[in-house]
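Participant: Here is my input; please provide its structure:
(one chain, ligands or ions: 1)
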Amino acid sequence: MCGIVGYIGNKQSIDVLVNGLEKLEYRGYDSAGIAVLDDNQNLDIRKSKGRLAVLEENTKKIKVNGNIGIGHTRWATHGEPSDRNSHPHFNSSKNIAVVHNGIIENFNDLKDELIEKGYNFLSETDTEVIPCLIDNYYKGDLLDAVKKTIARLEGAFALAIVSKDDPDKLIAVRKDSPLIIGVGEGENFIASDIPAVINYTRNIYLLENGEMAVLKKDHVSIMDFEGNKVEKEVYNITWDIDQAEKGGYDHFMIKEIFEQPKALRDTISPRITKDNDIRLDDIDLTEEYIKGINKIYIVACGTAYHAGIVGKSLIEKYAKIPVLTDVASEFRYNNPFIDDKTLMIVVSQSGETADTLAALRLAKEKGARTLAVCNVVGSSIAREADDILYTWAGPEIAVASTKAYTTQVAAFIIMALYLGKLTDNISDEKYNNILKELSTLPEKVEYILKDTSKLEEIASKMTEKEDVFFIGRGIDYNMALEGSLKLKEVTYIHSEAMAAGELKHGTLALIEEGTPTISLATQDHLYDKMISNMREVKARGGYIIAVSKEGNTSVEKSADEVIYVPDAADDVIAPLAIIPLQLLSYHVAVKRGCDVDKPRNLAKSVTVE
Ligand code: AGP
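Facilitator: Model prediction:
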């Protein structure tokens, strides 16, 4: 996510802005910038790709003096990392500067409208439409122009705005992306997160969705988007800086598990149009090309691979195109059948995994068209692939991938529908039904996250176990693989995922009294088969922890514990049913005193083979 800082007071704003942005560096970013209203009432804007140190160097060379300013660290979504795509963005006369966190979903339409009115754009970003719109509506009252502007914006936006024509104020706006107001003595602050202001003040206003604030040196007024005054209590922060970086959570992993509703919303919503169709801006696979290919390959590592195999089953089902899958480290040495009739899809959260990057390059050498499902804009894999489908999950800091997995699966559901429509192999009814189900995922994940007490209770029974098995069929088997990896990597407990039908071909010999067996039974058409497999395990003393859809109460006869997830179509259940497995692994790891965010022997991005 991007980092926002704003300051108005008696200090040199540049010092506060850079210090605040440093405290937000943990969120991950690829460029940084500031806009300061200098002593001559001009907007001094410095911004560049790269680390904050580059910006600090730039602002030391030619000192930036002024008591009012805004700053930003950018996590690229629209437009790759570059100087011109960095924030702040401004209107052509440079009297309005804006920094933004979020995604403006209707920016293309707004940009076309503004170009019609004679506005020029310097960047590829969605954000740049905002200062131009404010300029378009500005008739001497900045607040009025901002209100008219935000009424036109669709999507998520946290904004900090400064104008040289209204030099005694800053304006803050919050819709979906978080934003807080720091309240000081003769000074006030805007920030995307508490760490940025905690060294100056522990008194804050938490802006709610649909609220905005006008900050002066000695006064903050808060209102809704229509301008109606909002009374707010000042909230006193008691966290230390380390807790603040995790938003009050104990670890990044649990924070990122709880970020999944927003990550899914950000990944899904911008791709579903008003008339309930799919729009993939960053992919230009034509109908002719798709009808001309003879196979798709999906290649990745670890969790990304586990998302890819879910994608395989959905693409084959909806688009009727054969899909091969492989882990990248094997793919490269398996003499794969790749030619110019192969679409190669690589999946990578970081976009820097060496094996996956090498697989991408091998496929390109052999003439394949390449498409990356990636979470980091401008990463090596993102840059080298022909097409990109970004998961807008925001930075994933914990080594154990959680929100990357759910958003990658969501991306594959979207892609499978898109390819199914392109090949005319999916019925309108199925297409519309799955699209509707997809849109309900964020709130269903929110529902699951509302009460995690059962998982914490089950976790406490597993902390001493030495072997845990995960079994499932179809997409449940795909999820079993991911659940098993999660458990292993954060708890150090040995675990194995099995196709449930395979148990009797050997592994059943390992089942003893009390052996925990996580049994995924969410696929309606395989439910009865899964019940039989659970009974096989139970008959040997195994301890069955079942995961199934609400309403499948018959599972209780075959399980020791049942974790229910909200009902959903089989094909879209993976981003839901994986949540209990993520939470289970997290709580077992905490109870075992493991280093949850940085498990031993592991790295967040494996950039070596
Ligand atoms: C997953 O929890 C692990 N951290 C690991 O398996 C990871 O998924 C794998 O290394 C791939 O990383 P990538 O998605 O950044 O390419």
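
Participant: what about residue 139, which SS state?
Facilitator: Put simply, residue 139 is coil when judged by DSSP: H, G, I helix; E, B strand; the rest coil.

Participant: quick one: contacts for the nearest residue to it once chain neighbours are set aside?
Facilitator: In space, and not counting its chain neighbours, residue 139 is closest to residue 145: 7.1 Å by Cβ to Cβ, 6 or more residues apart in numbering. The way it works is simple: take the backbone N, C-alpha and C, and place the C-beta from them, glycine included. By Cβ atoms under 8 Å, 6 or more residues apart in numbering, the contact set of residue 145 is 134, 135, 137, 138, 139.

Participant: Just read off the phi/psi values of the closest residue to the fourth one other than its chain neighbours.
Facilitator: Just to be clear, that refers to residue 138. Nearest non-adjacent residue to residue 138, counting by Cβ to Cβ, 6+ apart: residue 145, 4.1 Å away. Here is the backbone geometry of residue 145 (degrees, to the nearest 10): phi -60, psi -40.

Participant: For residue 145, give its distance to residue 104.
Facilitator: The gap separating residue 145 from residue 104 is 17 Å, by Cβ to Cβ, to the nearest Å.

Participant: How confident was the prediction at the residue sitting nearest the centre point of the chain?
Facilitator: Against the mean C-alpha coordinate of the chain, by Cα atoms, centre = their mean, the closest residue is residue 393 at 0.7 Å. The model reports residue 393 with a pLDDT of 91.

Participant: right, and residue 480 touches residue 498 too?
Facilitator: Yes: judged on Cβ atoms under 8 Å, residue 480 makes contact with residue 498 at a distance of 7.1 Å.

Participant: which one of the contacts of residue 145 is nearest the ligand?
Facilitator: For those, the closest approach to the ligand (Cβ to the nearest ligand atom) belongs to residue 134, at 37.8 Å.

Participant: and the host helix or strand of the closest one, average pLDDT?
Facilitator: Using DSSP states H and E, residue 134 sits within helix 129-137. Here helix 129-137 scores 98 as its mean pLDDT.

Participant: Run through the residues that contact residue 315.
Facilitator: Contact analysis of residue 315 by Cβ under 8 Å, 6+ apart lists 296, 321, 323, 412, 415, 416, 419, 420.

Participant: Look at the residue lying closest to it once chain neighbours are set aside and say how many residues are nearby.
Facilitator: Spatial nearest neighbour of residue 315, chain neighbours left out: residue 416 (4.6 Å); criterion: Cβ to Cβ, 6+ apart. Burial measure for residue 416: 25 neighbouring residues, criterion other Cβ atoms under 10 Å.

Participant: right, and the helix or strand after the helix or strand harbouring residue 416?
Facilitator: Taking DSSP H and E as the definition, residue 416 sits inside helix 403-422. Per DSSP H and E, the first helix or strand lying C-terminal to helix 403-422 is helix 428-439.

Participant: After that next one, which helix or strand is next?
Facilitator: Once helix 428-439 ends, the next helix or strand along the chain (criterion: DSSP H and E) is helix 441-450.

Participant: and whichever strand or helix holds residue 528, what does it pack onto?
Facilitator: In this assignment (DSSP H and E), residue 528 forms part of helix 527-539. Applying 3 or more Cβ pairs under 8 Å, 6 or more residues apart in numbering; DSSP states H and E, one finds that helix 527-539 contacts strand 467-472, strand 516-521, strand 543-549.

Participant: now these in JSON lines, with mean neighbour count, distance to residue 18 and mean pLDDT?
Facilitator: Formatted as JSON lines, the helices and strands packed on helix 527-539 follow (neighbours: other Cβ atoms under 10 Å; distance: least, Cβ to Cβ, whole Å; pLDDT from 0 to 100):
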{"stretch": "strand 467-472", "mean neighbour count": "25", "distance to residue 18": "47", "mean pLDDT": "97"}
{"stretch": "strand 516-521", "mean neighbour count": "28", "distance to residue 18": "48", "mean pLDDT": "98"}
{"stretch": "strand 543-549", "mean neighbour count": "24", "distance to residue 18": "47", "mean pLDDT": "98"}
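
Participant: would you turn the ones you listed into a markdown table with distance to the ligand?
Facilitator: Shown next, in a markdown table, are the helices and strands packed on helix 527-539 (distance: least, Cβ to the nearest ligand atom, whole Å):
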| stretch | distance to the ligand |
| --- | --- |
| strand 467-472 | 15 |
| strand 516-521 | 17 |
| strand 543-549 | 19 |
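
Participant: Among those, which comes closest to residue 429?
Facilitator: strand 543-549 (21.3 Å; Cβ to Cβ).

Participant: quick one: contacts of that closest one?
Facilitator: Strand 543-549 is contacted from outside by 458, 514-522, 524, 527, 534, 537-538, 555, 558-568, 573, 577, 580-581, using Cβ under 8 Å, 6+ apart.

Participant: Tell me which residues of the helix or strand of the chain with the lowest mean pLDDT come out buried.
Facilitator: Lowest by mean pLDDT, DSSP states H and E among the helices and strands of the chain is helix 241-245, with a mean of 73. For helix 241-245, a neighbour-count test (16 or more other Cβ atoms under 10 Å) marks 243, 244, 245 as buried.

Participant: just stretch 592-599 next, same as before
Facilitator: By neighbour count on 16+ other Cβ under 10 Å, the buried set for stretch 592-599 is 592, 594, 596, 597, 598, 599.

Participant: tell me the contacts of the second one?
Facilitator: Meaning residue 594. Applying Cβ under 8 Å, 6+ apart, we find residue 594 in contact with 490, 491, 492.

Participant: list the contacts for the last one?
Facilitator: Think residue 492. Taking Cβ under 8 Å, 6+ apart, we find residue 492 in contact with 592, 594, 599, 600.

Participant: What sits closest to the residue nearest to the centre of the chain if chain neighbours are left out?
Facilitator: That would be residue 263: by Cβ to Cβ, 6+ apart, it lies 3.9 Å from residue 393.
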